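> Generate coordinates for the sequence data below:
(one chain, ligands or ions: 2)
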Amino acid sequence: MTTVRSLRAKAGEEPITMLTAYDAPTARVVDEAGVDVILVGDSMGNEALGYDSTLPVTVEEMASRTAAVARATDDALVVADMPFLSYGVSEAQSVEHCGRMLKEADADAVKLESGPHTVALTETLVRLGIPVQAHLGLTPQHVKETGLFRQGTTRDEAREMLDLARQHADAGAFSLVLEHVPANVARQITESIDIPTVGIGAGPDCDGQVLVVNDVIGLSESAAPFSKQFGDVRGEMASAVAGYKEAVESGAYPAEEHSHVEDELDELY
Ligand code: KIV
Ligand code: NA
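Numbering: from 1, shown residues only. Ligands and ions are numbered 1, 2, ... in the order given. Here you go, the predicted structure:
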């Protein structure tokens, strides 16, 4: 069983592995592979729900998908990614929404896209018993403001990111995701804080790596440039579906072994 404690103990000893999952069968595969952390990412907006950004994802959608993933997961730490505007508006509402992920959906922790506005909230959530994973760098919920570009590319930006990383570690976050930031900035942040960093497009020197599972298995229509495809699930699905269609149209399916006959029912009229 991975816990926020065991994850912190692993950091620096062995690389931490983390992948997203949005449904039970995928979570089962990821968990059985021994991946440490399953993130029910709000990337589900693009990857599972057909939206063109993460912004429309709701608390209900996140709770439902997190519950499905948690039911299928025995060992990995399950992290629910809090949707756009479900946190940070008011403290009471933020606590209620984050709390639902643990109480209703059986998540082990929540992830918040972080900034100056989440330092105090992180402290409150941790104090109440809700473990928090922070997330700095490219934060797609700010797409309208920043676009989907590499972050931390100037000295000022990089220093601000390092400062926010320290503040979130001090506030009690158990880990920090660094998305699409220069590898040398991610390395210095990793060296400067004592909680595990998990990078995505942030170079090899983080304590662990995370990717979107659909990119890894080859199911996405498009993947980020820093991603790497390890399989061709889309190709497998396309050939299975084409095979089914062809078999029905040719009469090859269903065959005798896929049907059964009740002899007494031969003459109904
Ligand atoms: O939603 C997501 O998949 C994420 C990861 C890319 C870290 O936030
Ligand atoms: Na996310």
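> where along this structure do the strands fall?
Using DSSP state E, the strands of the chain run over 16-20, 37-40, 77-81, 109-113, 132-137, 175-179, 197-200, 208-211.
> Let's have those strands in TSV, adding distance to residue 185, mean neighbour count and mean pLDDT.
For every residue, glycine as well, the C-beta is placed using N, CA and C. Listed next are the strands of the chain as TSV, based on distance: least, Cβ to Cβ, whole Å; neighbours: other Cβ atoms under 10 Å; pLDDT from 0 to 100:
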stretch	distance to residue 185	mean neighbour count	mean pLDDT
strand 16-20	19	25	98
strand 37-40	22	30	98
strand 77-81	23	27	98
strand 109-113	18	26	98
strand 132-137	9	28	98
strand 175-179	8	28	98
strand 197-200	10	27	98
strand 208-211	16	22	98
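> Can you name the residues of this structure that neighbour ligand 1?
Within reach of ligand 1 by Cβ under 6 Å from any ligand atom, the chain has these residues: 20, 39, 41, 42, 43, 81, 177, 179, 200, 210, 212.
> before we move on, the earlier item: and ligand 2, which of the strands of the chain is closest to it?
strand 77-81 (4.5 Å; Cβ to the ion).
> ok, the residue of the stretch 1-150 of the chain found nearest ligand 1 - how many residues close by?
As assessed by Cβ to the nearest ligand atom, ligand 1 sits closest to residue 41 within the stretch 1-150 of the chain, at 2.5 Å. For residue 41, the count of nearby residues is 28 (other Cβ atoms under 10 Å).
> Look at it and report its pLDDT.
What the model reports as pLDDT for residue 41 is 98.
> ok, which stretches of the chain are helices?
All helices of the chain, identified by DSSP state H, fall at 4-10, 24-32, 44-47, 59-72, 91-103, 119-128, 143-146, 155-171, 183-192, 213-217, 233-250.
> Pull out the buried positions in the longest one.
This means helix 233-250. The neighbour-count check on helix 233-250 (16 or more other Cβ atoms under 10 Å) flags residue 233 as buried.
> Which residues does it contact?
Helix 233-250 has contacts (Cβ atoms under 8 Å, 6 or more residues apart in numbering) with 217, 218, 219, 220, 252, 253.
> what do you get for stretch 66-77?
By Cβ under 8 Å, 6+ apart, the surrounding residues in contact with stretch 66-77 are 1-4, 7, 21-25, 27-28, 30-31, 34-38, 40, 78, 80, 101, 104-109.
> Select only the buried ones of the residues you listed in ChimeraX?
Typed into ChimeraX, the line below selects the buried ones among the contacts of stretch 66-77, using 16+ other Cβ under 10 Å:
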select :2,4,7,21,22,24,27,28,30,31,35,36,37,38,40,78,80,101,105,106,107,108,109
